[in-house]
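>>> pasting the structure only:
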């Protein structure tokens, strides 16, 4: 099952790169939850469902005109998948690019992403994924 989950996530990231949020939503479960923690988000909060995903990305587009999410690898841990990634944005008026690295622990249900938790590094993400496995 974890190799299936890896492939689902890989296709979801590819869909986001090719078609943006609308493409990505094809891979998002209606009960999806994304948690952005303090230290990795200007306004930490939890985003739920398709509307939450849209709201999350809209918060970026208020200040930037381009968002790229580039996964480094997909690491299966039980039924979860750890995804170290780079988020790169380009300022709407300045044109300046900024990027940050973080790690997602992803859960899949019914062939779609149901939850993403974000961590500052691979060690913390792996510990969380293994503790819940």
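Alright, I've got the coordinates. Remember, predicted model here, so these are calculated numbers, not experimental data.

>>> contacts, neighbours, all on C-alpha from now
Will do.

>>> where does this protein dip in pLDDT?
Applying pLDDT under 70 to the chain flags the ranges 1-2, 133.

>>> Starting from the host helix or strand of residue 68, tell me which strands it pairs with and how they run.
Element membership for residue 68 (DSSP states H and E) is strand 64-71. Next to strand 64-71 in the sheet, as set by DSSP bridges, lie strand 80-91 (antiparallel).

>>> Check what contacts the partner strand and list those residues.
2, 5-6, 63-76, 96-108, 121-122, 125-126, 129, 133 (C-alpha atoms under 8 Å, 6 or more residues apart in numbering).

>>> next helix or strand past the strand holding residue 68?
Proceeding N to C from strand 64-71, the next assigned helix or strand is strand 75-77, under DSSP H and E.

>>> any residues touching that following strand, and which ones?
2-3, 6, 81-83, 126, 129-130, 133.

>>> Let me see the ranges of the helices in the protein.
2-25, 49-61, 122-132 (DSSP state H).

>>> between those, which one is nearest to residue 41?
helix 49-61 (10.7 Å; C-alpha to C-alpha).

>>> Output the contacting helices and strands for the closest one.
Applying 3 or more C-alpha pairs under 8 Å, 6 or more residues apart in numbering; DSSP states H and E, we find helix 49-61 packed against helix 2-25, strand 28-36, strand 45-48.

>>> and that helix, which residues are buried?
Buried residues in helix 49-61, counted by 16 or more other C-alpha atoms under 10 Å: 49-50, 52-53, 56, 61.

>>> follow-up on the earlier one: reformat the contacts of strand 75-77 into a markdown table and put distance to residue 35 and neighbour count next to each item.
Shown next, in a markdown table, are these (distance: C-alpha to C-alpha, whole Å; neighbours: other C-alpha atoms under 10 Å):
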| residue | distance to residue 35 | neighbour count |
| --- | --- | --- |
| 2 | 22 | 16 |
| 3 | 24 | 13 |
| 6 | 20 | 22 |
| 81 | 16 | 25 |
| 82 | 15 | 25 |
| 83 | 15 | 26 |
| 126 | 16 | 21 |
| 129 | 14 | 22 |
| 130 | 18 | 12 |
| 133 | 19 | 10 |
